[in-house]
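Chemist: pasting the sequence and the predicted coordinates here, then a few questions.
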There are 10 protein chains.
Amino acid sequence: MPKDHPRSQEVSLLGSNGTQYAQDYDPSVLESVENTHSYRDFFVKFNCPEFTSLCPKTGQPDFATVYISYIPDEKMVESKSLKLYLFSFRNHGDFHEDCMNIILNDLVELMDPRYIEVWGKFTPRGGISIDPYTNYGRPGTKWEEFAQSRLLQHDLYPEKVDNR
Amino acid sequence: MPKDHPRSQEVSLLGSNGTQYAQDYDPSVLESVENTHSYRDFFVKFNCPEFTSLCPKTGQPDFATVYISYIPDEKMVESKSLKLYLFSFRNHGDFHEDCMNIILNDLVELMDPRYIEVWGKFTPRGGISIDPYTNYGRPGTKWEEFAQSRLLQHDLYPEKVDNR
Amino acid sequence: MPKDHPRSQEVSLLGSNGTQYAQDYDPSVLESVENTHSYRDFFVKFNCPEFTSLCPKTGQPDFATVYISYIPDEKMVESKSLKLYLFSFRNHGDFHEDCMNIILNDLVELMDPRYIEVWGKFTPRGGISIDPYTNYGRPGTKWEEFAQSRLLQHDLYPEKVDNR
Amino acid sequence: MPKDHPRSQEVSLLGSNGTQYAQDYDPSVLESVENTHSYRDFFVKFNCPEFTSLCPKTGQPDFATVYISYIPDEKMVESKSLKLYLFSFRNHGDFHEDCMNIILNDLVELMDPRYIEVWGKFTPRGGISIDPYTNYGRPGTKWEEFAQSRLLQHDLYPEKVDNR
Amino acid sequence: MPKDHPRSQEVSLLGSNGTQYAQDYDPSVLESVENTHSYRDFFVKFNCPEFTSLCPKTGQPDFATVYISYIPDEKMVESKSLKLYLFSFRNHGDFHEDCMNIILNDLVELMDPRYIEVWGKFTPRGGISIDPYTNYGRPGTKWEEFAQSRLLQHDLYPEKVDNR
Amino acid sequence: MPKDHPRSQEVSLLGSNGTQYAQDYDPSVLESVENTHSYRDFFVKFNCPEFTSLCPKTGQPDFATVYISYIPDEKMVESKSLKLYLFSFRNHGDFHEDCMNIILNDLVELMDPRYIEVWGKFTPRGGISIDPYTNYGRPGTKWEEFAQSRLLQHDLYPEKVDNR
Amino acid sequence: MPKDHPRSQEVSLLGSNGTQYAQDYDPSVLESVENTHSYRDFFVKFNCPEFTSLCPKTGQPDFATVYISYIPDEKMVESKSLKLYLFSFRNHGDFHEDCMNIILNDLVELMDPRYIEVWGKFTPRGGISIDPYTNYGRPGTKWEEFAQSRLLQHDLYPEKVDNR
Amino acid sequence: MPKDHPRSQEVSLLGSNGTQYAQDYDPSVLESVENTHSYRDFFVKFNCPEFTSLCPKTGQPDFATVYISYIPDEKMVESKSLKLYLFSFRNHGDFHEDCMNIILNDLVELMDPRYIEVWGKFTPRGGISIDPYTNYGRPGTKWEEFAQSRLLQHDLYPEKVDNR
Amino acid sequence: MPKDHPRSQEVSLLGSNGTQYAQDYDPSVLESVENTHSYRDFFVKFNCPEFTSLCPKTGQPDFATVYISYIPDEKMVESKSLKLYLFSFRNHGDFHEDCMNIILNDLVELMDPRYIEVWGKFTPRGGISIDPYTNYGRPGTKWEEFAQSRLLQHDLYPEKVDNR
Amino acid sequence: MPKDHPRSQEVSLLGSNGTQYAQDYDPSVLESVENTHSYRDFFVKFNCPEFTSLCPKTGQPDFATVYISYIPDEKMVESKSLKLYLFSFRNHGDFHEDCMNIILNDLVELMDPRYIEVWGKFTPRGGISIDPYTNYGRPGTKWEEFAQSRLLQHDLYPEKVDNR
Ligand SMILES: [Ca+2]
Ligand SMILES: [Ca+2]
Ligand SMILES: [Ca+2]
Ligand SMILES: [Ca+2]
Ligand SMILES: [Ca+2]
Ligand SMILES: [Ca+2]
Ligand SMILES: [Ca+2]
Ligand SMILES: [Ca+2]
Ligand SMILES: [Ca+2]
Ligand SMILES: [Ca+2]
Ligand SMILES: [Ca+2]
Ligand SMILES: [Ca+2]
Ligand SMILES: [Ca+2]
Ligand SMILES: [Ca+2]
Ligand SMILES: [Ca+2]
Ligand SMILES: [Ca+2]
């Protein structure tokens, strides 16, 4: 086991025993790490098929796969803290569209990324499923146009959905 | 259950008991909600695999999966009212292409969105299936060109269809 | 076109223009045809992915794919009449399990088959989908045990369901 | 809407507004309905892809698709109460194998079915996923052997799993 | 059944009993209907997995799925007449590439559309399958460039083919 | 090229130039070859996804994938002659169930096999597709019971059908 | 978080920080837990798509998905210890067939189960992939015959493999 | 690299440099290794998607995926020698059914296994594909009946074939 | 059979009996036919899943699916001659990248097309598979830029590969 | 076997017997070969589904499919050396994002390519999987903009991920 890895001290959460799971929406659990490759533009995507929240009106649980994709600047979101953050929606009630925009806002606040997008694909309620997609490019930079271009090309080929 | 959620009073349909299902095409059931993230362009997509209407000539039932995708401005369509609206086509007779354009028109009327598109994928009759796709960008804005661009790139890779 | 085919006169519904679609559950539309291969045991299966009925309590529409499979004796169900029969559930309200058992009963009444089974796979409501399966072998014959054997082996490998 | 359906009064939960969601494991929410086709052996299967519980040791959430399949005797489980029951595991901590056996036991207690089986397919932790399967045939009847036979044939063709 | 639908008289083929099926290539069976939404650009696609013709050299049958997609101007092709038209290739011999270009030419002649494309995906002969794709934009309009753009992006991600 | 292969003279059709394609149902084109491994029971299956016939009533074309599987005794069906035989249904009108039983009867007549089964999976008409399955074991031998056993286990897991 | 769960003290590995990963084959890492449902026969399956070992001859890495399925008696294998055990093959060299039989033997030694089976599906080398399957029923009990029955029905429908 | 593995000397082919590839059918390249687990019945399956031979009549290449599955007695076939053996069919001409029976015979000759089966799934010629399946149980032992049972259950659910 | 088709004399290979299969790489077998639709730009694609060659170093066989797609000018490649040409690589040794570029060069030489691309997807060796893609637009025309644009968009969404 | 192939002497690794597998990250094993088609821009892609490394913090193994795609200039990476290079990560600990950027950097150093991209798709840990994507175009050339364009279009349609 590579104990002497130079970045192994950086994040306190990895492998730690006494992890605390927040019981309601809690953006304070998010932690960032330094991006050691900021000389280059590159994407990092998180596939999160275990997202669940509550309907703000009825209290019934909602389920989604959330895809988060971003181009870091100086900071990156630490993946275990992201897991805890998403977990904190478990007993929290909010509309689908609000959840996705809130996640986007919190990650912009945390990392100040060059570009980021958040896509939620929810399971159906009443025979209809809802998929919100929101993105962001740093204002006043080329990434603003980058975001508009990706919005223009968003989901031209929707996945086949048959509720089974 | 988060009873005190600030938006929980906004929509009367959610969870209500005495829902009335319209028996024929009825756009008046559509309701809108306020978009609390109108400072940003983002997509909302509805996957609706349980759409059914009647053939205007023979009266036999038609079935489709309808995909509705839009970028809201100040208003969003409330999802349960959309379900009731789509349900109201159940005993209504109209051609495939007309249904999709009517849905588009009614949602433009309701929400005045920045951009919207409606795609229906019907099951086959006589060995042939029909998939109408129609879209709209608010006239006189950049969204008009946005709509043309998406039309240009529409369905370049058709799904494999073999009628089974 | 083979106009002089010996069986072309047998069924009045095929290709007829003035087909009447029943508005509620109507087993009287079912018609039978003679089985010209009754010297042999063989299966006929109908795949019916366009079944829809109403929830008896809420009135909301339910959707299912229904698989009907049987071994005929002297009679077979005419396929166009079966379509009309299944269509007659469109505005009829009944529980999933009842619908499948009723279809079984009506087809037994019509054809007196050696063996028959009916399997409905419904789309989800509230995150759960229901699949009733019911079968029948003619009492007092080997087909009774045949039915029990197929029940024993029923659905040992459930299809993967993820509500999308 | 078929208001006068004879069984529409039977279950109080369907469509009711003030549904209460239990916050921890609560088998008392389960309700049964009468089986009107008890003259016949038939299967009812529930596909439940939205099951989630907590790890009893670490508190982290677990996710599974649960398949419940049974042959009713005089009683059937009401599907909305089943949804509430499964929901009550949301903040409850128990091992995968325990959850499946507990569900089986509770449904046997509720319905006294002829036969029942419960299969959970969990998402991976540490690169390994766990799928418990448990079944039951009423003791002292032919259904006891029925259960052993299905156990013998269980999952001879495991689904392809690659953690993506 | 909506007998009084305003467009129900327009097309004589729908539901008619005495349909004549042409025995060889016959473009005269094509019929058009008025496009009531010509104020907008929208796509209509036909999925036709039951296309079959004969090899002009050997006489052996060829099979294909044909995808026809177009943006109508004032006229649309009536779908039942399209079925009869495609059926008329059944006993007609022509090369794959010729069939697709002929279909394109005939539909341009019939409808004078803004844009149209035809794609055939044939089953293999001698281990190789052939997929011709041809398109057209009305000359002297922006649709001419529209066609070139779609050609440029055509089939960048070929479907996986393994002849099984 | 192995010109001197001992079996290369046996069948006149392979590679021959002047093949004649029958225009209507013609069982006389079937040819048999000797089974050089008759000391053993083994299966040969033909997958025939390009079967097409005509509806005896309306004349419209029907399409199916036909699976033919058998255990030869002294004779085997030559595969190119089987192709011509199936082709001869192209302009022939008969019901789905009749076609499958006729194919079975003709191949029994030709080969006198130990066991044979024929399964047709047709594309839908009016939203319903039909799949006949028929089998045969040589009477008075163990293969008769073999056929009954396979009938008992036939299609316990129907393929998912959604008409697309 | 359910800290007071009665079984939370039983296994020391779950959530512990200082996990040691063995560098070569080490069956001593396996731990068992008590089966609290030993009054019933039920299956537990582990899906392990991240198995890797070394070729004993060339030293090149081999990859497999391993499926382990068993019916416990009084003991169950603790899942995190199983992960560490399988991990210990990472730098160990052995033939595919040996690895699977060794895993089976070690788990029999650990748990003394009623029944167990181990199936490895390896990635190809030189265009061929190898899938060993081995099983075991406790000698002198009905589980011995249980194992033979499952062997008889093993893999009658091999998955489609095309090396892509 | 585990150089001192006790079985690493056993097979000369693994990793050797000067491998000779036979140019025509050559069963002499097959080598066996000792089965160190002959105290148990277990399956070994080879998935061979790169099988190719020549048509004995026309000389055109044929392609297949071959599945070989067996229960060893004292000997096992060495996998690299099996690769060379299958490769030797590359320029050899024989009918599909003959190839599969020859492979079976050669492996029986080599290993004297308890049980073995060989299944070839060929790509189509003239729109039809052929899948021979042959098996063998050691005569005068229980494995003879084992082979008959598997033949009885062979391929009850044919894979979907559409020649693409 | 349409004997009098005007193009039926053009190609001598179709249906001919004495076809010669080249034993090593032989571009001289390629034949062209006239493009009767050269007034239009359209694509023709060949799907060739049965490509096999030899590794130039070890002599072991390589397998690939080759996709060839082009826009013809005055000439088209005759499909049966293409089959023979690809077949001639069977006993020829060359690296993957060389094979694809050679095929491209030979087809440019034969047809002088407006545009052409060749994509090979090989099966893995040592756990890695290689997919070369090469394209060409006629120099000094707009097709040169056409080729660069398609290169820019090439394979942005690689197919999922898992070596099984 | 083509012994006299002109390029067969170029690479010493192919088929060599005494291959040494590095035990930790070792870019020195990478070897290049000459690109004999440098007169043209073309892509070469490596699909590497057997990548595994260690978590730098916990030491537990990580698994990924890595896709490497590049346009060579004068040099190409030799595929067997690439296999050894990727293998050298097996016992090396580094974060996902670092691994992908390091591979990119090493291959740029080795080949000085026109363009290159590296995409890793990792299996999940704690319910979340991470997919880094990084690319590079030679600075000061048109390939720099080429890289930015591909970044802009990267992964607009994420694969469906459900952790099973
Ligand atoms: Ca689905
Ligand atoms: Ca579907
Ligand atoms: Ca599904
Ligand atoms: Ca399909
Ligand atoms: Ca389908
Ligand atoms: Ca799904
Ligand atoms: Ca996979
Ligand atoms: Ca998955
Ligand atoms: Ca296939
Ligand atoms: Ca594959
Ligand atoms: Ca297919
Ligand atoms: Ca395929
Ligand atoms: Ca794969
Ligand atoms: Ca595969
Ligand atoms: Ca899933
Ligand atoms: Ca998976």
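Modeler: Nice, I can see it. Just so you know, these numbers come straight off a predicted model, no measurement behind them. Ligands and ions are numbered 1, 2, ... in the order given.
Chemist: quick one: low-confidence parts of chain A?
Modeler: Residues of chain A that meet the criterion pLDDT under 70 lie in A:1-20.
Chemist: can you give me the strands in it?
Modeler: For chain A, the strands defined by DSSP state E cover A:32-34, A:42-54, A:61-71, A:75-77, A:115-122, A:129-137.
Chemist: for the fourth one, packing partners?
Modeler: Read that as strand A:75-77. On a contact count with 3 or more C-beta pairs under 8 Å, 6 or more residues apart in numbering or on different chains; DSSP states H and E, strand A:75-77 meets strand A:32-34, helix A:96-111. Backbone N, C-alpha and C define where each C-beta goes, glycine included.
Chemist: would TSV of these with distance to ligand 14 and mean neighbour count be doable?
Modeler: Output for these, formatted as TSV (distance: least, C-beta to the ion, whole Å; neighbours: other C-beta atoms under 10 Å in any protein chain shown):
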stretch	distance to ligand 14	mean neighbour count
strand A:32-34	37	15
helix A:96-111	35	20
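Chemist: how many neighbouring residues does the closest residue to residue A:146 other than its chain neighbours have?
Modeler: Leaving aside its sequence neighbours, residue A:146 sits nearest to residue A:137 (C-beta to C-beta, 6 or more residues apart in numbering or on different chains; 4.8 Å). Residues near residue A:137, counting by other C-beta atoms under 10 Å in any protein chain shown, number 22.
Chemist: ok, residue A:137 touching residue A:149?
Modeler: No: Residue A:137 is beyond contact range of residue A:149, at 9.1 Å (criterion: C-beta atoms under 8 Å).
Chemist: turn the helices and strands packed on strand A:75-77 into CSV, including distance to residue E:144.
Modeler: Formatted as CSV, the helices and strands packed on strand A:75-77 follow (distance: least, C-beta to C-beta, whole Å):
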stretch, distance to residue E:144
strand A:32-34, 52
helix A:96-111, 40
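Chemist: could you dump these to CSV with distance to ligand 12?
Modeler: CSV is the format used below for the helices and strands packed on strand A:75-77 (distance: least, C-beta to the ion, whole Å):
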stretch, distance to ligand 12
strand A:32-34, 44
helix A:96-111, 36
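Chemist: distance to residue I:132 added to the strands of chain A, as a markdown table?
Modeler: Putting the strands of chain A into a markdown table (distance: least, C-beta to C-beta, whole Å) gives the following:
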| stretch | distance to residue I:132 |
| --- | --- |
| strand A:32-34 | 38 |
| strand A:42-54 | 25 |
| strand A:61-71 | 29 |
| strand A:75-77 | 34 |
| strand A:115-122 | 32 |
| strand A:129-137 | 34 |
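Chemist: of all the ones you listed, which one is nearest residue H:60?
Modeler: strand A:42-54 (45.3 Å; C-beta to C-beta).
Chemist: between helix J:96-111 and that closest one, find me the angle.
Modeler: 160 degrees (axes from the mean of the first three to the mean of the last three C-alpha atoms, to 10 degrees).
Chemist: report all helices and strands that strand A:42-54 contacts.
Modeler: strand A:61-71, helix A:79-87, strand D:42-54, strand D:61-71, helix J:96-111, strand J:129-137.
Chemist: give the contact list for the residue nearest to residue A:146.
Modeler: Residue A:137 is in contact with A:114, A:115, A:143, A:144, A:145, A:146, A:147, A:148, counting by C-beta atoms under 8 Å, 6 or more residues apart in numbering or on different chains.
Chemist: and it, how far from ligand 4?
Modeler: 39 Å (C-beta to the ion, to the nearest Å).
Chemist: do residue A:133 as well
Modeler: According to C-beta to the ion, residue A:133 and ligand 4 sit 27 Å apart.
Chemist: wait, doesn't that residue sit right on residue B:70?
Modeler: No: with contact defined as C-beta under 8 Å, residue A:133 and residue B:70 do not form a contacting pair (11.2 Å).
Chemist: shared neighbours of those two, which are they?
Modeler: Common contacts of residue A:133 and residue B:70 (C-beta under 8 Å, 6+ apart): B:43, B:44.
Chemist: hmm, residue A:75 is touching residue A:36, no?
Modeler: No: using C-beta under 8 Å, residue A:75 makes no contact with residue A:36, being 11.1 Å away.
Chemist: neighbour count winner among those two?
Modeler: Using other C-beta under 10 Å as the criterion, residue A:75 and residue A:36 rank with residue A:75 on top: 16 against 13.
Chemist: hey, what's that one bridged with?
Modeler: residue A:34 (DSSP bridges).
Chemist: for residue A:90, which non-adjacent residue is spatially closest?
Modeler: residue A:52 is the one closest to residue A:90 (C-beta to C-beta, 6+ apart), at 5.7 Å.
Chemist: quick check, the one you found in contact with residue D:54.
Modeler: No: proximity of residue A:52 to residue D:54 does not meet the contact threshold set by C-beta under 8 Å, at 11.9 Å.
Chemist: burial of the closest residue in space to residue A:106 that isn't next to it in sequence, as a residue count?
Modeler: Nearest residue to residue A:106, sequence neighbours excluded (C-beta to C-beta, 6+ apart): residue A:27, at 4.5 Å. By other C-beta under 10 Å, 15 other residues sit near residue A:27.
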